[in-house]
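**Student:** A predicted structure for the sequence below; I have some questions about it.
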Amino acid sequence: METKMVENKKIIIDEQYQNQRYVYRFFKRALDVVASGIGLIILSPVFLIVSLAIKAEDPKGPIFYSQVRLGKGQRPFKMYKFRSMVVDADKKLEKLLKENEVKGAMFKMKEDPRITRVGKFIRKHSLDELPQLWNVLAGDMTLVGPRPPLEREVADYSEYDKQRLIVKPGCTGLWQVSGRNNVGFKEMVELDLKYIRKSDFWFDSYIILKTFGIIVIPNDAY
């Protein structure tokens, strides 16, 4: 039995069980390698177009943005994205924290003044996430799993919240296809734990298919 419910109806994940799902993890990794490799090749024209658009808007700024995130077991790694904000976005965050529109250990602001015009479009269609296929190929991330948090966010996690970090983080997941920015932190944690509890090849495939739909017809991403 991989999970159990405590009295307040919250899920407790059995970490040992998750680590012993050898067959599932083997096929999940195989899919990650094949899909990310093919994706990087097929989507290379999209990479080129997005790169040119970012450079056209800000010729002096970098195309890619990297940030240290925490993965499985709180292991730090460098996650890559297309740059969707101004170059000094991280420095400006401190002044915007009071404008946070979600409760809990993450920051979301619908009209974030740091987002560029190109950034707004690629965020809406989740194109800014495409460079994470490199992270998947390298083994830091998987296609489907909880979103990797920042170190400062995890510092505010409860032990219950830290269960999100029992498995490898993903490019997409149940949270992303369930409303994303309309979902608060607590709801995101519950969705991630629900995913971990139900995760199998078919559930992963379902989430991947829904993700393709969101890229074509965006949800509330910003």
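**Tutor:** Perfect, I can see it now. The model shown is predicted, which means the values in this text are computed figures rather than measured ones.
**Student:** okay, which residue is most central for this structure?
**Tutor:** Arg147 (3.4 Å; Cα atoms, centre = their mean).
**Student:** quick one, helices of this protein?
**Tutor:** With DSSP state H as the definition, the chain shows helices at residue ranges 15-19, 22-42, 44-57, 89-96, 117-124, 132-138, 151-154, 185-198, 201-216.
**Student:** look at Ala53 and say how many residues are nearby.
**Tutor:** 18 (other Cβ atoms under 10 Å). Every residue, glycine included, has its C-beta placed from N, CA and C.
**Student:** distance check, it against Met188.
**Tutor:** Noted for Ala53: a distance of 30 Å to Met188, by Cβ to Cβ, to the nearest Å.
**Student:** how about Lys92?
**Tutor:** 24 Å.
**Student:** of the two, who's got more company?
**Tutor:** Met188 (25 against 13).
**Student:** and the closest residue to the more buried one other than its chain neighbours, how close does it get to Tyr80?
**Tutor:** Take Met188 and drop its neighbours on the chain: the residue closest to it by Cβ to Cβ, 6 or more residues apart in numbering is Trp175, 4.8 Å away. As for Trp175, its distance to Tyr80 is 20 Å (criterion: Cβ to Cβ).
**Student:** more neighbours, those two?
**Tutor:** Per other Cβ under 10 Å, whichever of Trp175 and Tyr80 has more neighbours is Trp175, with 23 against 18.
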